[in-house]
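J.: need a structure here:
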Amino acid sequence: MKELPNVLICPQHWGLGHVTRTIPVIRYFIKRGYPVVLASSGAGNDLLKLEFPNLKVYELPDYGITYPFKNMYLNMGLHLIQMHIAIIKEFFVVRKICKKEHIGLIVSDARLGAAQPGIASAIITHHLHFNLHNRFFEWVSDVWMKFFYFRFRQIWIPDIEGEKNLSGDLSHLFKSSKHFFIGVLSRFQVLDLQVKYKYAFILSGPEPQRSHFEDILMEQLRSLLPCSCVLVRGTKKGTDLIQRFPYLKDHLEIHELVSGDTLNSLMCSSEQIICRSGYSSLLDLCVLGKSAFLVPTPGQPEQEYLAEELHRKKLFYCKSQDDIELGKDLQAARSYSGYKNVDLGKSLYEVLDERVADLFKYKM
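T.: Prediction:
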């Protein structure tokens with residue numbers, strides 16, 4: 001029997017979405033018998049250690065992306081140099097890991113510096129096009145992304161083809177011989193549970209916007225009490241919410257970081273979900289067939305585009321963070337069905353079997 005190569009799986013940490021959607025990919029390689037090594041940064045590593053306590057987890061340079069401004073161009077300009085420095089550092093750190101662990105396959109989720117010469121590699125991404133409302137800037141950004149993406153042997157897009165796709169123009173305008181749609185990536189499954197919570201607030205994403213969003217929700221939740229609610233904060237660095245909002249004490253169950261199984265149960269046992277319009281959250285909602293009230297991270301064009309597009313398609317209700325009127329918005333969100341009865345195509349294991357086999361047929 002041919003010996004399987006060691007696999008390095010390294011998701012990006014801009015919030016936890018990139019990490020969570022790699023979990024079913026990690027499980028695939030483990031089940032197929034591949035030796036697996038993981039690498040990420042910050043809370044991404046905390047979550048990987050929680051989900052896979054028996055796997056080795058390396059620390060990678062963090063891109064340090066934050067969204068202090070509501071203007072996308074200011075946010076991009078602030079981090080452009082910093083991001084490129086992190087990508088260069090990432091390349092050399094990954095190279096050291098590959099030598100130490102004898103890595104034969106790299107699977108990156110949005111870590112642009114992970115590809116290494118002579119090693120089979122794939123990058124998971126749905127963001128192959130920027131909707132910047134300016135053709136010149138869109139062309140520049142698309143060329144910039146292709147420079148990094150084409151260093152990988154394959155591009156794996158976590159979406160389905162056809163009209164009922166999730167990513168819209170972000171991935172369906174992109175054309176190359178290297179990209180493949182691998183279906184909906186989610187660690188969740190539908191659970192038949194009784195409703196325990198009226199509202200589930202699922203937070204994630206970079207600071208300071210994560211904390212701003214949390215404050216707005218907790219302040220406005222007061223007008224909806226009494227009801228049973230659950231909050232997943234998506235961070236281990238938050239302040240004491242009950243001390244700041246004492247009226248929540250008997251009504252709000254608070255979690256910092258939770259495992260996928262726990263979050264799966266919390267969402268399935270909640271009547272309404274309030275979360276960001278991050279792509280990984282949409283993948284999870286698609287698999288669960290649940291609706292949600294979506295609030296995009298200010299200054300993050302991808303989330304703003306996805307929220308607006310899904311609102312236009314009458315799938316999800318969305319609102320900008322500064323305009324939230326929680327009571328009215330939750331009522332309005334009830335009339336949006338979310339994804340129902342979507343044909344998800346082949347199973348993830350079937351698709352990845354094909355992709356991995358094809359990776360090793362590639363000639364350098």
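J.: what about Pro301, neighbour count?
T.: 20 (other Cβ atoms under 10 Å). Just so you know, the C-beta spots here come from the backbone N, C-alpha and C atoms, and that holds for glycine as well.
J.: The one 4 residues further on now?
T.: Residue crowding around Tyr305 was assessed by other Cβ under 10 Å; the count is 21.
J.: pretty sure it contacts Gly168?
T.: Yes - in this structure, Tyr305 is within contact of Gly168 by Cβ atoms under 8 Å, at 7.3 Å.
J.: Tell me where the stretch 51-200 of the chain has strands.
T.: Counting by DSSP state E, counting those that start in this stretch, the segments of the stretch 51-200 of the chain that form strands are 57-59, 103-109, 120-124, 154-157, 179-181, 197-202.
J.: between those, which gets nearest to Arg210?
T.: strand 197-202 (11.3 Å; Cβ to Cβ).
J.: Other residues contacting the closest one?
T.: 214, 217, 221, 224, 227-232, 234, 253, 263, 266-267, 269-276, 281, 330 (Cβ atoms under 8 Å, 6 or more residues apart in numbering).
J.: Of the residues you listed, which belong to helices?
T.: Glu214, Leu217, Leu221, Leu263, Leu266, Met267, Ser281, Leu330 (DSSP state H).
J.: And the one helix or strand Ile23 maps to, what's buried?
T.: Using DSSP states H and E, Ile23 sits within helix 17-31. Within helix 17-31, the residues that count as buried by 16 or more other Cβ atoms under 10 Å are 17-29.
J.: What helices and strands are in contact with that helix?
T.: Secondary-structure packing of helix 17-31 (3 or more Cβ pairs under 8 Å, 6 or more residues apart in numbering; DSSP states H and E): strand 6-11, strand 36-40, helix 43-51, strand 103-109, strand 120-124, helix 279-288, helix 348-359.
J.: just to revisit the earlier point, of the contacts of strand 197-202, grab the buried ones for PyMOL.
T.: Per 16+ other Cβ under 10 Å, the buried members of the contacts of strand 197-202 correspond to this PyMOL selection:
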select buried, resi 214+217+221+228+229+230+231+232+234+263+266+267+270+272+273+274+275+276+281+330
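J.: Select the longest helix from the protein.
T.: Max-length helix for the chain by DSSP H is helix 72-101.
J.: For that one, name the packing helices and strands.
T.: strand 6-11, strand 36-40, strand 103-109.
J.: so can I have a markdown table of these showing distance to Lys89, mean neighbour count and mean pLDDT?
T.: Formatted as a markdown table, the helices and strands packed on helix 72-101 follow (distance: least, Cβ to Cβ, whole Å; neighbours: other Cβ atoms under 10 Å; pLDDT from 0 to 100):
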| stretch | distance to Lys89 | mean neighbour count | mean pLDDT |
| --- | --- | --- | --- |
| strand 6-11 | 13 | 25 | 97 |
| strand 36-40 | 13 | 24 | 97 |
| strand 103-109 | 15 | 24 | 97 |
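J.: Save these as a markdown table, and put in distance to Val295 too.
T.: Listed next are these as a markdown table, based on distance: least, Cβ to Cβ, whole Å:
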| stretch | distance to Val295 |
| --- | --- |
| strand 6-11 | 23 |
| strand 36-40 | 25 |
| strand 103-109 | 23 |
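J.: To Phe52, which of these lies closest?
T.: Short answer: strand 36-40, nearest of these by Cβ to Cβ, at 6.6 Å.
J.: okay, the angle between the closest one and helix 43-51?
T.: 150 degrees (axes from the mean of the first three to the mean of the last three Cα atoms, to 10 degrees).
J.: roughly how far out does strand 36-40 sit from the chain middle?
T.: 17 Å (Cα atoms, centre = their mean, to the nearest Å).
J.: For it, name the packing helices and strands.
T.: Using 3+ Cβ pairs under 8 Å, 6+ apart: strand 36-40 touches strand 6-11, helix 17-31, helix 43-51, strand 57-59, helix 72-101.
J.: Which of the ones you listed comes out lowest on mean pLDDT?
T.: Looking at the helices and strands packed on strand 36-40, the lowest mean pLDDT belongs to helix 72-101 (a mean of 84).
J.: Residue ranges in the stretch 201-350 of the chain under the pLDDT threshold?
T.: For the stretch 201-350 of the chain, applying pLDDT under 70 flags the ranges 238-239, 342.
J.: Mind jotting down where the strands sit in it?
T.: Going by DSSP E, counting those that start in this stretch, the stretch 201-350 of the chain shows strands at 229-232, 252-255, 270-275, 293-294, 317-318.
J.: Columns distance to Pro158 on top of the helices and strands packed on strand 36-40, output as CSV?
T.: Converted to CSV, the helices and strands packed on strand 36-40 look like this (distance: least, Cβ to Cβ, whole Å):
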stretch, distance to Pro158
strand 6-11, 12
helix 17-31, 6
helix 43-51, 17
strand 57-59, 22
helix 72-101, 21
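J.: How many neighbouring residues does Val295 have?
T.: There are 26 residues near Val295, going by other Cβ under 10 Å.
J.: contacts for stretch 308-316?
T.: 168, 277, 282, 285, 291-294, 307, 317-318, 333, 336-339.
J.: rerun that using 10 Å as the cut-off
T.: 131, 163-164, 166-170, 277, 282, 285-286, 291-294, 296, 306-307, 317-320, 333, 335-340 (Cβ atoms under 10 Å, 6 or more residues apart in numbering).
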